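Asks: give me a model of this one.
(chains A, B, C and D)
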Protein chains: 2
Amino acid sequence: MTENAPHRVETSRKTIQILDALREHGSSSVTFIARELEMNKSTVHNHLSTLEAEKFVVRNGTDYELSLRLLGFGGYVQHRHPLYQVAKREVHRLASQTGELANLMVEEYGQGVYLASEQGEQAVDLDIYPGLRRPLHAIGLGKAILAHLPSERVDEIVEEHGLPAETDQTITDRAELDAQLATVRDRGYAVDNEELIRGLRCVGAPIIAKDGTVLGAISVSQPVSRTNSEHFTDEVPDIVQSAANVIELHANH
Amino acid sequence: MTENAPHRVETSRKTIQILDALREHGSSSVTFIARELEMNKSTVHNHLSTLEAEKFVVRNGTDYELSLRLLGFGGYVQHRHPLYQVAKREVHRLASQTGELANLMVEEYGQGVYLASEQGEQAVDLDIYPGLRRPLHAIGLGKAILAHLPSERVDEIVEEHGLPAETDQTITDRAELDAQLATVRDRGYAVDNEELIRGLRCVGAPIIAKDGTVLGAISVSQPVSRTNSEHFTDEVPDIVQSAANVIELHANH
DNA sequence: TAGTTTGTTCTACTCAGTAGAACGATTGTT
DNA sequence: AACAATCGTTCTACTGAGTAGAACAAACTA
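Replies: Numbers count the residues shown, from 1 in each chain, chains lettered A, B, ... in the order given. So this is what the prediction gives:
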């Protein structure tokens, strides 16, 4: 707390670390978290009983887990997000129209954050939920967003997060990424061929405000087995793009 | 920190108060929160910059607001909730089958917490979102749950939260509540006639585990204007109850 | 331009968070 | 059954960190 990291509350930071650990490991005991975070047992105990009194965590016998109170915060943030409000219905429609998995994403802190996720009748069952963060370069949604961010911002993001390989199809080369982003700008949508998850393909379209800034992206994800017809290469991009256009109209009043 | 409220971390509690204030008031400034919570300006500033560094809040110029990181926690809690996992699809189906608003609720800390909320094609647009808390006695969902809680637990809940009137139709009398809960147990579902919101009626059915404990409830809400036909009095309760039964089957493996 | 009100920085004080040892309670082992 | 090990919890003392208040600069108002 001397020079260049001024005025931070170390105690609150510890509480947040504990919440993070509970999220990462699920239901956990005092001792487990203490070992995990290299804190003293009594310290962790004090924090956890505070969190319990504040109803942020709930105990099951000897273990603690995150409570529904956090869902309240999350639901609130989602509910009042301006893009979610205008895009919610389109995500829903996209899922039921295609029968597949429809997602809505925005960028925050250089990462892609799912704002909504809706499964159609035959949709794959992925572990995607609102608030989940994924690297932008490895998904169709993310590339749709990156393609319309200012290039300095893309530089910053790549510098901060790199281009880690999620599968053997992930783009890991900066030049290759730039080339693909140019293609995305040309044809208006992005494609992701098993770049995040093996066996999964996505088509994502950017949602752009009238001043040219990108608000987010919307996508359809389907298993490779259902992407061989021309339905995937022709119709799906059209459907996704028109959903994006409808959202753009709503967003611009 | 002397006798009977031992080992609480006061500093973390302050951070939580600030998060609560941001949720209650939306985007707020340092001075506003300091006044609101009767804290010193510099204290609030320290906490907020810590929260910003931890990405729990985001600043818009001079104001701070809750960030999408909290959505991550909320989405995680929802996603891993055992009832949500088995009930999600039924809520979805209920919404599209009836075209109305379908909700899923559980009890926590004596309050009703929405776990899922899905709008059908013609559904009313209420400010309901996952994590929102509502008094159990004033809604169909809540009465369906209360009817199957142990009576001592109902006593506790009424004692802690009372029976506040949300509209002029809300049950405010304990004997009246007990009578209605008996009816709910008899016929298997609960009805709410504008008891939370004027103009809105709900039908809620309890979801009961094989050991008899109530896991939650599922409901359909519609505007009074669409509840005059016998469709509402006959079919809707059947549909809701069968959705509850399907969930019970999934919940019991 | 003068007067407010904002967010932020700084400093000193003291209170509260922390570590570590010790306590029962519980579990698993021999 | 008695033991050892590990759990959560309580206690105490120390000191480091959170807090309040004054002072700062920047933005806005009249």
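
Asks: what's the local residue count around residue A:156?
Replies: Other residues near residue A:156 come to 13 when the count uses other CB atoms under 10 Å in any protein chain shown. Just so you know, the C-beta spots here come from the backbone N, C-alpha and C atoms, and that holds for glycine as well.

Asks: equivalent analysis for residue A:187, please.
Replies: If we define neighbours as other CB under 10 Å, then residue A:187 has 10 of them.

Asks: who's in contact with residue A:180?
Replies: By CB atoms under 8 Å, 6 or more residues apart in numbering or on different chains, the residues touching residue A:180 are A:143, A:171, A:190.

Asks: tell me which of those residues fall in helices.
Replies: Here DSSP state H is the test, and the contacts of residue A:180 give residue A:143 as lying in helices.

Asks: name the nearest of the contacts of residue A:180 relative to chain B.
Replies: Top of the list for closeness to chain B, among the contacts of residue A:180 and by CB to the nearest CB, is residue A:143 at 19.6 Å.

Asks: what sits against that closest one?
Replies: Residue A:143 neighbours (CB under 8 Å, 6+ apart): A:136, A:137, A:180, A:181, A:184, A:190, A:192, A:204.

Asks: count of neighbours near residue A:165?
Replies: That count, for residue A:165 with other CB under 10 Å as the rule, works out to 14.

Asks: now the closest residue to it other than its chain neighbours: phi and psi?
Replies: Using CB to CB, 6 or more residues apart in numbering or on different chains and skipping residues adjacent in sequence, the residue nearest residue A:165 is residue A:172, 5.2 Å away. Dihedral pair for residue A:172: phi -120, psi 0, per degrees, to the nearest 10.

Asks: how near is residue A:172 to DNA strand D?
Replies: The spacing between residue A:172 and DNA strand D, counted by CB to the nearest atom of the strand, to the nearest Å, is 40 Å.

Asks: same thing with residue A:216?
Replies: 28 Å.

Asks: these two touch, right, that residue and residue A:209?
Replies: No - contact criterion CB atoms under 8 Å: residue A:216 and residue A:209 do not qualify, at 10.0 Å.

Asks: does the helix or strand where residue A:94 lies reach chain B?
Replies: Assigning secondary structure by DSSP states H and E places residue A:94 in helix A:82-98. Yes - using CB under 8 Å from any CB of the partner chain, helix A:82-98 reaches chain B at A:92, A:96.

Asks: pull out the buried residues from that helix.
Replies: A:83-84, A:86-88, A:90-96, A:98 (16 or more other CB atoms under 10 Å in any protein chain shown).

Asks: helix, strand or coil: sort out the closest residue to chain B within the stretch 151-253 of chain A for me.
Replies: Of the residues in the stretch 151-253 of chain A, the one nearest chain B is residue A:216, at a distance of 11.2 Å by CB to the nearest CB. Secondary structure assignment for residue A:216 (DSSP: H, G, I helix; E, B strand; the rest coil): strand.

Asks: now swap in residue A:220 and tell me
Replies: Quick answer, by three-state DSSP: residue A:220 is strand.

Asks: ok, it - contacts?
Replies: Applying CB under 8 Å, 6+ apart, the residues near residue A:220 are A:94, A:98, A:100, A:101, A:102, A:202, A:203, A:236, A:239, A:240.

Asks: now do the same for the second one: its pLDDT.
Replies: For residue A:98, the pLDDT comes out at 93.

Asks: what do you get for the fifth one?
Replies: pLDDT for residue A:102: 97.

Asks: and it, what element?
Replies: Here residue A:102 sits within strand A:101-108, counting by DSSP H and E.

Asks: export the following helix or strand past that strand as PDB, just CAs?
Replies: Heading C-terminal from strand A:101-108, the first helix or strand you meet, by DSSP H and E, is strand A:111-119. The C-alpha coordinates for strand A:111-119 follow below in PDB (Å, rounded to 0.1, in the frame of the first residue of the first chain):
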ATOM      1  CA  GLN A 111     -13.300 -11.500 -22.800                       C
ATOM      2  CA  GLY A 112     -16.500 -12.800 -24.300                       C
ATOM      3  CA  VAL A 113     -19.400 -13.000 -21.800                       C
ATOM      4  CA  TYR A 114     -22.500 -14.900 -22.600                       C
ATOM      5  CA  LEU A 115     -25.500 -12.700 -21.800                       C
ATOM      6  CA  ALA A 116     -28.100 -15.300 -22.800                       C
ATOM      7  CA  SER A 117     -28.200 -18.900 -23.900                       C
ATOM      8  CA  GLU A 118     -31.300 -20.700 -25.200                       C
ATOM      9  CA  GLN A 119     -31.700 -24.300 -26.300                       C
END
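
Asks: run the angle between strand A:111-119 and strand B:111-119 for me.
Replies: Counting by axes from the mean of the first three to the mean of the last three CA atoms, to 10 degrees, strand A:111-119 lies at 80 degrees to strand B:111-119.

Asks: show me how chain A divides into domains.
Replies: A:10-68, A:81-251 (automatic domain parsing).

Asks: show the end-to-end separation of the longest one, please.
Replies: Okay, so that is domain A:81-251. Using CA to CA, to the nearest Å, the end-to-end distance of domain A:81-251 comes to 12 Å.

Asks: for the residue of chain A found nearest chain B, which non-adjacent residue is spatially closest?
Replies: With CB to the nearest CB, the shortest gap between chain A and chain B falls at residue A:74, namely 1.5 Å. Residue nearest to residue A:74 in three dimensions, not counting chain neighbours: residue B:74, with 1.5 Å by CB to CB, 6+ apart.

Asks: ok, residue A:205 next?
Replies: With CB to CB, 6+ apart, the residue lying closest to residue A:205 is residue A:244, at 3.9 Å.

Asks: re earlier: could you measure from the residue of chain A closest to chain B over to residue A:115?
Replies: Taking CB to CB, to the nearest Å as the criterion, residue A:74 is separated from residue A:115 by 11 Å.

Asks: since we're on residue A:170, how many residues are nearby?
Replies: Using other CB under 10 Å, residue A:170 has 17 neighbouring residues.

Asks: near DNA strand D, which residues of the stretch 51-200 of chain A?
Replies: Applying CB under 7 Å from any atom of the strand, we find that the stretch 51-200 of chain A lies next to DNA strand D at A:62, A:63.
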